[in-house]
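[1] Structure for the following, please:
(chains A and B, ligands or ions: 2)
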2 protein chains.
Amino acid sequence: MAERLNQIANHATASKEAGIPHPLDPLSVFELTTVVSIVRDTFKGHSISFNTVTLHEPDKSAFKFWKETGSKIPDRKAYFIVLDDSLSTGFFEGVVNITTKSIEECNQTSGACPIITTDDLRTIEETIRNDPKVIKQCELSGVPKSEMHKVYCDPWTIGYDERFGTSKRLQQALMYYRSDEDDSQYSHPLDFCPIVDSTKKEVVAIDIPSVRRPVSKHKHANFNLKDVGPLREVKPIAVTQPQGVNFSMDGRYIEWQNFKFHIGFNYREGLVLSDIFYNDKGTPRSIFYRLSLAEMVVPYGEPSFPHQRKHAFDLGEYGAGNMTNPLSLGCDCKGVIHYLDFDFVERDGNVATVKNAVCIHEEDDGVLFKHSDFRDDFQTTIVTRGIRLVISHIFTAANYEYMVYYIFHMDGTIQLEIKLTGILNTYICDEDDDLKGYGTQVYPKVNAHNHQHLFCLRINPEIDGPGNSFAVVDGAQSTAPVGSADNFYGNAFYAARTVPKTTGEAQYGYDGPRCRTYDMFNPNRIHPYSKKPATYKLVSREVPMLLPKPGSLVWKRAGFARNAIHVTPYVDRQFYPAGNHVPQTSGEPSRGLPEWIGDGKAGVENTDIVVWHTFGITHFPAPEDFPIMPAEPINLLLRPRNFFLKNPALDVPASFNVTTSDVKANKAGSHAMKDSTSALAFGKTSGEAAMVGSCCSS
Amino acid sequence: MAERLNQIANHATASKEAGIPHPLDPLSVFELTTVVSIVRDTFKGHSISFNTVTLHEPDKSAFKFWKETGSKIPDRKAYFIVLDDSLSTGFFEGVVNITTKSIEECNQTSGACPIITTDDLRTIEETIRNDPKVIKQCELSGVPKSEMHKVYCDPWTIGYDERFGTSKRLQQALMYYRSDEDDSQYSHPLDFCPIVDSTKKEVVAIDIPSVRRPVSKHKHANFNLKDVGPLREVKPIAVTQPQGVNFSMDGRYIEWQNFKFHIGFNYREGLVLSDIFYNDKGTPRSIFYRLSLAEMVVPYGEPSFPHQRKHAFDLGEYGAGNMTNPLSLGCDCKGVIHYLDFDFVERDGNVATVKNAVCIHEEDDGVLFKHSDFRDDFQTTIVTRGIRLVISHIFTAANYEYMVYYIFHMDGTIQLEIKLTGILNTYICDEDDDLKGYGTQVYPKVNAHNHQHLFCLRINPEIDGPGNSFAVVDGAQSTAPVGSADNFYGNAFYAARTVPKTTGEAQYGYDGPRCRTYDMFNPNRIHPYSKKPATYKLVSREVPMLLPKPGSLVWKRAGFARNAIHVTPYVDRQFYPAGNHVPQTSGEPSRGLPEWIGDGKAGVENTDIVVWHTFGITHFPAPEDFPIMPAEPINLLLRPRNFFLKNPALDVPASFNVTTSDVKANKAGSHAMKDSTSALAFGKTSGEAAMVGSCCSS
Ligand SMILES: [Co+2]
Ligand SMILES: [Co+2]
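    Ligands and ions are numbered 1, 2, ... in the order given. Model (predicted):
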């Protein structure tokens, strides 16, 4: 815990903590402590466990009023969930007004289960190891009782198990064996699955397959330095910024290359970027009010019981913030780094800190734009390099690591890159088993099941102010036949735009061959040249359909994943598209987005809209993913179109510019941004290599 | 010409030039000079112009024989095209045996037109400016005769114009006006289009629209440093490699992190990567015999005459190598760079050099893999960073720049990234014109037409030796209904594989929602764990359909673009999927790929196959693309699947590794690859910021 724990005293005296927070700032250590104290008072005489304490974000109208009038900030509030340790089911949730030091709401909720915290995760293994029924199953698997300390489990949310519903808070224990505590356990799964009551810390059932498979006797598939043998030589690349970084921080507002936005962070979504503006030659223009990963689901494709239960909602069931890693300089993050911490409340009410939860840094972004003229043999040239700003965090969902990068480019583009690494979830098989296409044997006796990683990006656009619409845009052939007057040579094509009027219409899948994109636009702001509305275009190409079938358990629970796109009118507190309390939901009825859409009649045109975009990958495992997976990237772009008068990056200093008249006059051209560190790999041995064609070496 | 010209004498004495070339090496200056001399002798008494002199690659069997037996290299040969200046049509093509100093083949070809060279491009403007009919049209456009030196043209290939066929070598002159020679002309198009005979240097026709539009009086939309006003401040990022690079060169073979391959380059495809092997723990295993961009087409979507003629085949009609830029250190290329030059023959037979045509360098590749254990609050950790190798070149196709990056990753993945920059092709419009959806007014009076950039990647796989097959792979739902025994919860899904037996079957579009991928695999090499064949998987997500309709001119000429995938059996010399001589082809019959596929009966299973993959983007212009476009990336991956026994990068030194037992023993963990250059952006002012959670600073 040392890395995440923090001395409250230290923090409370730090200047930032003592200042006035921004309305969207995560709760400070001081605020969290205040909330814990107020909640404890409220539940005096009860034994309670803290599950969640997080910023209760102000309603948008309150935020806007504050921002536009400069009045005092909206009351700071916390949303909390606590468990009464004497109750086996249900929980209390409410809102604390920190400013007035009072409880504003506190309700007992039953028929639902709150998020699983990392505190919850860490308690299950002890329960398992001491349960006689589990010990017996371990023995049947070939693990003697004396080795129970070598038995581990990844405690997953149970998905939905109809035998229990929400009557108890449950976790399913995916069982593994380590011969040594430093082993990677994933090469040694056990074949049975205990179900544990998280509250009572007791095993309530064990799911045992009809065909038993003893634990593997193969060597563990390890990847620690001490296990992998001789290392290859890799000569390092050094990234430095001798003149410092290009961003500045004002509290949690960052300014970088005309972008300005607030960097929030919470237990559930992890990073939240809000109030995103672009300073367009002195005029601040809004782009997005709020941008975050709001949910995800990882359905596995093995249909046999109880593997259908593997479809974790890693955000709604565990929380990307809860599972966020402390990051380390030079390892997770390379270059010149600014970190933000994340303060949170542990089960016992203590306030802890994830140090370096958020990494902020810049990277070279390659050639931003270039053109040369063929007339003088490409001598007339402008080449301008870009840099990019990266805001990132990494969270661990049991076996998997998700690395989330929000990348800002100089051309106004905002990119979201998610890289998947970590370890495959695995189950035991025999070496000659027919896996029926639902999994891959990635190591002897190790079956990695097919699965999808489906993320839901919540976008609340505010393209050039309020009043936004949405359009789905497809590349479309003219309907005029080849040979007709309107399309004689057959080459006519255009962008077919459909603007949905209601939530019922605003549900779209992906169309790869037509290169479908999605526009968020302000119909009230028309570009003076193109006569088209100010737009940010979502360009997202990794958009698999939900492979669990319509009517399936996952389909019912993950309503957001039924389509690539849903659009709803903005409503305060509609943050989580699979519902507020996701664990053990049956999907009957579907919570979150399907509820909000309802009869589908709400308008989504020229209003405050929220776009829910589901994207991701379908992962058919291969041995290359084992024992630890090389990072696999997923990318999407939000690109300005008809938003700026012209390329907004023309004032970025060119690396090299020589004009036609310069060339004729034999002038050397200009280096507005001189690069003095690039070098030739093999020296200047040829004499001419460094000289000719190398504008910077002269 | 200074940048590209080179002193032959200098080169001929350089050591590499004097050595024995590799069979796939581009022709050296000495070899080119020899070829020119032999061809000149052959055509003694004729006035000839050189069009193409390039390596005539050895047949694959000859290459393999040489490589496997260590015998002397196959005879070095050149393919050439020359024009007889006295003939208005047709050309001579043939093969020179450089080793034996003899002509092996020389044929007169008629009914076809050879590639347009940059020499050809540079001669048209003079013709235009002096043609009385053009001068008259300029006057009608508002450009007086005295300003004809301010009239410019981009000389495009004509596509196919049925009035002329292949009877003359033609270029269409897309007309522009510059008020100053340093203006970007693309904001001032003229409305008419002369057609020029490339051989006779005369205007043979002028296409004039029925509605005339005078040249714009708006200010030119410029982007040179002298035009853009105050520059923003950008603090630089320095990238250095104090211990040197991780690659080594042996001639044009490169070795890097277990990869070894040959870097070729020719007039047409530009970069060609051949004989790609991966050293798998001491065993060299083949992956690809040859990888290159073999063709591309850029169809524009404006149907009105003569805009349908805008559908350049930039490789087959001009040549990516012919148009390649000399690259500059610190501008086009950042970091520690190794360059390769490109030697070529000019029209007059002189040998010239593009200095620094190919850039080779390494980049940081972010986190290669990571895992942390939740049990000790993510203290147990391994995090390993990657580097990547990038082989790149940039070519200018009149207005556009294409930046081509072949990127090699430590996990065995080969990525192709193409970035588009440069300038939109533009046509004049009136400010209130209805562009009918076929274009966008990106600047007053400037219409940028819709278009696609469709590239054809030619892949000759040799996955673990000869005998390869192809499969199209889709994410697929089980056919068993929800609630049935085989799919009770409805979550069953698998990878549906289709293995085409013939070229007729092996034609596939893209399926986005099913996340279609494509496997190149060796059915004779089965993975010991997964029991699946050794595979490289093509993951390509930017795969628009050809928007010009079936039966259209572009559809007929660009047979390769009708599908995302074609597979053919390997045949020597089948390099160019739109045919060997592309300019002015009618598409009747379609050349190249459709010819080779023929009746569709040739087998493509467990044999030597070639995969032709068409991918790209559909570009609906916006003002942000003007006056010069920020680079827009397109990416695809070739990923090893069931090829390696396990993750091949486990021996990359971890940046940080601490095991569970280390954590318990309070040991610091290991930095197998220490990063000593990363730093905090804002110093260590908080005292603790650098200390806690930052493994590298202790
Ligand atoms: Co996965
Ligand atoms: Co384009």
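[2] For the rest of this, base every contact and every neighbour count on C-alpha atoms.
    Will do.
[3] Quick check: mean pLDDT of the strand ranked longest in chain A?
    If you go by DSSP state E, chain A has its longest strand at strand A:351-372. For strand A:351-372, mean pLDDT rounds to 98.
[4] Identify each buried residue in the helix or strand that that strand is followed by, please.
    Moving toward the C-terminus from strand A:351-372, the next helix or strand (DSSP states H and E) is strand A:381-397. Of the residues in strand A:381-397, A:381-397 count as buried by neighbour count, 16 or more other Cα atoms under 10 Å in any protein chain shown.
[5] Please save the CA atoms from strand A:381-397 in PDB.
    Only the C-alpha atoms of strand A:381-397 are listed here, as PDB (Å, rounded to 0.1, in the frame of the first residue of the first chain):
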ATOM      1  CA  THR A 381       9.600  23.300 -49.700                       C
ATOM      2  CA  ILE A 382       7.800  23.800 -46.500                       C
ATOM      3  CA  VAL A 383       8.000  21.100 -43.800                       C
ATOM      4  CA  THR A 384       6.600  21.700 -40.400                       C
ATOM      5  CA  ARG A 385       6.800  19.200 -37.600                       C
ATOM      6  CA  GLY A 386       4.200  18.800 -34.900                       C
ATOM      7  CA  ILE A 387       4.200  17.900 -31.300                       C
ATOM      8  CA  ARG A 388       1.300  16.300 -29.400                       C
ATOM      9  CA  LEU A 389       0.000  16.500 -25.900                       C
ATOM     10  CA  VAL A 390      -0.800  13.200 -24.200                       C
ATOM     11  CA  ILE A 391      -3.000  12.800 -21.000                       C
ATOM     12  CA  SER A 392      -3.000   9.200 -19.800                       C
ATOM     13  CA  HIS A 393      -3.600   6.700 -17.100                       C
ATOM     14  CA  ILE A 394      -3.300   3.000 -16.800                       C
ATOM     15  CA  PHE A 395      -5.700   0.700 -15.000                       C
ATOM     16  CA  THR A 396      -5.500  -3.000 -14.100                       C
ATOM     17  CA  ALA A 397      -8.600  -5.100 -14.400                       C
END
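[6] Paired strands for the helix or strand just after that strand, with orientation please.
    Using DSSP H and E, the next helix or strand after strand A:381-397 towards the C-terminus is strand A:400-409. Neighbouring strands of strand A:400-409 in its sheet, by DSSP bridges, are strand A:381-397 (antiparallel), strand A:414-422 (antiparallel).
[7] wait, A:Asn450 sits on B:Gln477?
    No: using Cα atoms under 8 Å, A:Asn450 makes no contact with B:Gln477, being 11.5 Å away.
[8] Find residues that contact each of those two.
    Residues touching both A:Asn450 and B:Gln477 (Cα atoms under 8 Å, 6 or more residues apart in numbering or on different chains) are B:493-494.
[9] higher neighbour count, these two?
    Neighbour totals were compared for A:Asn450 and B:Gln477, and A:Asn450 leads with 25 against 21 (other Cα atoms under 10 Å in any protein chain shown).
[10] Just read off the phi/psi values of that one.
    phi -60, psi 150 (degrees, to the nearest 10).
[11] any idea how far it lies from B:Asn491?
    10 Å (Cα to Cα, to the nearest Å).
[12] what touches both of the two?
    In contact with both A:Asn450 and B:Asn491: A:300-302, using Cα under 8 Å, 6+ apart.
[13] In a markdown table: those residues, plus pLDDT, distance to chain B and neighbour count.
    A markdown table is the format used below for the shared contacts of A:Asn450 and B:Asn491 (pLDDT from 0 to 100; distance: Cα to the nearest Cα, whole Å; neighbours: other Cα atoms under 10 Å in any protein chain shown):
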| residue | pLDDT | distance to chain B | neighbour count |
| --- | --- | --- | --- |
| A:Tyr300 | 98 | 7 | 29 |
| A:Gly301 | 98 | 4 | 28 |
| A:Glu302 | 98 | 5 | 28 |
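[14] Which of these fall within helices?
    Among the shared contacts of A:Asn450 and B:Asn491, none falls in helices (DSSP state H).
[15] so which of those would you say is closest to B:Ile81?
    Of all the shared contacts of A:Asn450 and B:Asn491, B:Ile81 sits closest to A:Gly301, with 57.2 Å by Cα to Cα.
[16] surely that closest one meets B:Ala495?
    No: taking Cα under 8 Å as the definition, A:Gly301 is not a contact partner of B:Ala495, at 10.3 Å.
[17] what about stretch A:246-253, near chain B?
    Yes: Stretch A:246-253 is in contact with chain B by Cα under 8 Å from any Cα of the partner chain, via A:Asn246.
[18] the strands in the stretch 1-150 of chain A, which residues?
    Listed in chain order, the strands of the stretch 1-150 of chain A (DSSP state E, counting those that start in this stretch) span A:48-55, A:77-84, A:91-97, A:102-109.
[19] The shortest one: partners in the sheet, and parallel or antiparallel?
    Strand A:91-97 has the following strand partners under DSSP bridges: strand A:77-84 (antiparallel), strand A:102-109 (antiparallel).
[20] Next, the residues that contact that strand from outside, please.
    Contacts with strand A:91-97, where a contact means Cα under 8 Å, 6+ apart, come from A:35, A:38-39, A:56, A:75-84, A:102-110, A:113-114.
[21] and that strand with strand A:48-55, angle?
    If you take axes from the mean of the first three to the mean of the last three Cα atoms, to 10 degrees, strand A:91-97 sits at 40 degrees to strand A:48-55.
[22] Pull strand A:91-97 out as PDB, backbone CA atoms only.
    Only the C-alpha atoms of strand A:91-97 are listed here, as PDB (Å, rounded to 0.1, in the frame of the first residue of the first chain):
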ATOM      1  CA  PHE A  91     -26.600  -0.200   0.600                       C
ATOM      2  CA  PHE A  92     -26.900   3.500   1.400                       C
ATOM      3  CA  GLU A  93     -26.200   6.200  -1.100                       C
ATOM      4  CA  GLY A  94     -26.500   9.900  -0.800                       C
ATOM      5  CA  VAL A  95     -25.000  13.300  -1.300                       C
ATOM      6  CA  VAL A  96     -23.000  15.300   1.200                       C
ATOM      7  CA  ASN A  97     -22.800  19.100   0.800                       C
END
